[in-house]
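J.: Got a sequence here, can you model it:
(chains A and B)
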Amino acid sequence: MNNAQDDNKRKFLKLMIEAKNSCLQEIDDVYTEAEKVIDTYLKDKKDQSKK
Amino acid sequence: MKMRETSPKEETEIESPKSKLQIEVDYFYSKWQRKETREMWNKLNKEEDSLYEQYNSKQESLYNKFPTEYQTMKFLEQEKDKLWSIFYDERARLEEKNPKADPLDIVETPSLDLLYQEYKKKRDKYDESYTILKHLISNFPEEIQDIKLTREKYMAASDSRSGFWEKYSTARDNFNNIYEEYESLNKDWFETIVNKFSLEINKYRRIKENNLKKRLNKITNLNLEDQEGSKSLIAKQLFIMEELASQFKKWTIRTTVLTFSVLALSWGIQKAKDEIKREQVKSKIDNLYKYAEAAPLDSVTEIILHDIAQDKELPQKWREFLAKEDSSEFFMNSLYEEYKNKKDEAMNDPDFENKLNYIVLLRMNEKYGKPKVEYGTAPHFHDRACYYQYANTMHLPTYTGHFSLSDYLAELSHAVQFKGPESEKYFAWNNKDVLKTDSISRKEKISYDEAQLKEYSDTSTLEYEAHEIIEPKLVKEFKKTKEDIIDELYNLK
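T.: This next block holds a predicted model:
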């Protein structure tokens, strides 16, 4: 029983660490993408106003 | 862009707490849950049973030396017992009928007294026959002595069996108490871990989000400076934000941008110096902003938070493990364990019905993107259930004091829209509905909530599709899934 519970805890912890890592990675990806989108948007606007 | 200082992959494992309780739990299992213990228990039971049989058969063979008298006594014994049970049932019936009456008065009821007199007559006859038989067998003192000894042995065996049981059950009760504490310790441990990670993630997200907000703020302010006082300003701000939002695939950014679009609206209204409108929109924005803050980051986080949210509703014995990969299957197994081979009993058990509903809910929840369920209405919808797509959360009102299945299914229909394969379409569609409702509320001088009620009857809106087209299908699916589970449980298919 105890071993099974410890196993469960380890599994849970592993899942949590994976989840956290994937979250942090996703935050990086998402905000990098956002910055790029804004850059492109502003650049396009600037180009349009120049024309 | 500056990268994070520590890599997420460097996280080390945290040791689970080893406690004194755990050692005691180990002790119980090593002492009582061993093969030898079970064998001892079986041995004691067997001894008791065999001695009881010996005693019984010896007594019977002695009585059978006088078959007529013995049969008479047995017959009278049955008759007496029959009358006693009739009397007993009648008394129970009368007591149930007059719950406040004194039990002594009930016994004195004439009809009941009559039954008791009949029983008493039969009992006296039985006693008489037993005395006769006893007198007859007294001529066999050796056999009587043997029976007496066997009986004593049987009683001793019975005592040692029940003594063993008492020791075992005391140990088991102690163990159960300890185990409960141990379980609560585990629960705390799970929660601590989840909270720790959630905090870390949110902190990191906030830093990133603030940077993005600063940039968006700059863009908006620039535009405000350019066109201050212009009537087309609000429309233009919303256009920019919507245009930007449509280019983002991730919800997190959408939330930020859409929140900003509402903020832009707010600023525009402040410029227009309409105090009442400004206050109305401001409170709406505050609420939306709160929700945007609560938006989860990715599907993995959602699943974890979902499990935590669900945990409040779980029966105690189902709280074993928060991170079950397939929770409906887990509960399905416990349901199967509890009700297999007991179909008739299950069908009449309200508890079975509840558990069944719970499994159906979980299955559907898992199927349609695992929306979180929060009890209590959202701040700006005072008595209505609602679904907030950015946080994939439904808010169910608790005014009835119970979980409302119809509210749940109504809001699940939005999860079907936003978590389905065409979710992109629905986010864009929702933006349009929000703008439309906003313009109706301003044009007709009614509150946003009032204007939103019109969406339910407008066939072009997302609300109409959810409640008039998807919701009836979900209700049907709920019934069908329930039947399927019963079939699955009793192998009817």
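
J.: From now on I want contacts and neighbour counts done on CA atoms only, so please keep to that.
T.: Fine.

J.: Please tell me how far the nearest residue to B:Ala385 once chain neighbours are set aside sits from chain A.
T.: Nearest in space to B:Ala385, with sequence neighbours left out and distances taken as C-alpha to C-alpha, 6 or more residues apart in numbering or on different chains, is B:Leu396 at 4.7 Å. Taking C-alpha to the nearest C-alpha, to the nearest Å as the measure, B:Leu396 and chain A are separated by 28 Å.

J.: Residues in a beta bridge with B:Leu396, which ones?
T.: Beta bridges link B:Leu396 to B:Tyr375 when assigned by DSSP bridges.

J.: burial measure for it, as a count.
T.: For B:Leu396, the neighbour count with other C-alpha atoms under 10 Å in any protein chain shown is 24.

J.: hang on, it packs against B:Lys372?
T.: No - B:Leu396 is beyond contact range of B:Lys372, at 10.5 Å (criterion: C-alpha atoms under 8 Å).

J.: helix or strand for B:Leu453, which one?
T.: If you go by DSSP states H and E, B:Leu453 is part of helix B:448-453.

J.: Ignore what I typed, I meant B:Met394.
T.: Element membership for B:Met394, per DSSP H and E: strand B:393-396.

J.: name the helices or strands packed onto that strand?
T.: Under the contact criterion of 3 or more C-alpha pairs under 8 Å, 6 or more residues apart in numbering or on different chains; DSSP states H and E, strand B:393-396 touches strand B:372-375, strand B:386-388, helix B:405-419.

J.: Of those, which is nearest B:Ile106?
T.: Nearest of those to B:Ile106, taken as C-alpha to C-alpha: helix B:405-419 at 47.0 Å.

J.: Need the contact partners of the closest one.
T.: Where contact means C-alpha atoms under 8 Å, 6 or more residues apart in numbering or on different chains, the residues beyond helix B:405-419 that reach it are B:365, B:368-369, B:371, B:385-387, B:389, B:392, B:394, B:396, B:423-424, B:426-427, B:466-467, B:470-471, B:474-475.

J.: Give me the below-cutoff pLDDT ranges for chain A.
T.: Residues of chain A meeting the criterion pLDDT under 70: A:1-23, A:26-27, A:30, A:49-51.

J.: please redo it, this time with the cut-off set to 50
T.: Within chain A, the segments meeting pLDDT under 50 span A:1.

J.: how much space between B:Asn430 and B:Ile446?
T.: Distance of B:Asn430 to B:Ile446, computed by C-alpha to C-alpha, to the nearest Å: 20 Å.

J.: Which stretches in the stretch 101-250 of chain B count as helices?
T.: Along the stretch 101-250 of chain B, counting by DSSP state H, counting those that start in this stretch, helices occupy B:103-107, B:110-137, B:141-226, B:233-245.

J.: looking at those, which one has the lowest mean pLDDT?
T.: When the helices of the stretch 101-250 of chain B are compared by mean pLDDT, helix B:233-245 comes last with a mean of 51.

J.: Which one's more surrounded, B:Asn430 and B:Ile446?
T.: Shown here are B:Asn430 and B:Ile446; by other C-alpha under 10 Å, B:Asn430 has more neighbours (16 against 13).

J.: That one: what's it in contact with?
T.: B:Asn430 is in contact with B:Leu462, counting by C-alpha under 8 Å, 6+ apart.

J.: Which pLDDT value goes with B:Thr72?
T.: pLDDT for B:Thr72: 92.

J.: That one: what's its closest spatial neighbour, skipping adjacent residues?
T.: B:Ser129 is the one closest to B:Thr72 (C-alpha to C-alpha, 6+ apart), at 7.2 Å.

J.: Touching, the one you found and B:Gln71? I think so.
T.: No - counting by C-alpha under 8 Å, B:Ser129 stays clear of B:Gln71, with 9.8 Å between them.

J.: Neighbour count: those two, which is higher?
T.: B:Ser129 (20 against 14).

J.: what's the weakest-modelled helix or strand in chain B?
T.: Ranking every helix and strand in chain B by mean pLDDT, DSSP states H and E puts helix B:299-311 at the bottom, with a mean of 35.

J.: mind checking how far B:Thr72 is from chain A?
T.: Distance, B:Thr72 to chain A, using C-alpha to the nearest C-alpha: 58 Å.

J.: Does that residue touch B:Asp127 like I think?
T.: No - using C-alpha under 8 Å, B:Thr72 is not in contact with B:Asp127; the gap is 11.3 Å.

J.: got the angle between the helix or strand hosting B:Val360 and helix B:405-419?
T.: If you go by DSSP H and E, B:Val360 is part of helix B:350-367. Here helix B:350-367 runs at an angle of 20 degrees relative to helix B:405-419 (axes from the mean of the first three to the mean of the last three C-alpha atoms, to 10 degrees).

J.: Flag every buried residue along helix B:350-367.
T.: Of the residues in helix B:350-367, B:Phe352, B:Lys355, B:Leu356, B:Asn357, B:Tyr358, B:Ile359, B:Val360, B:Leu361, B:Leu362, B:Arg363, B:Met364, B:Asn365 count as buried by neighbour count, 16 or more other C-alpha atoms under 10 Å in any protein chain shown.

J.: Thanks a lot, catch you later.
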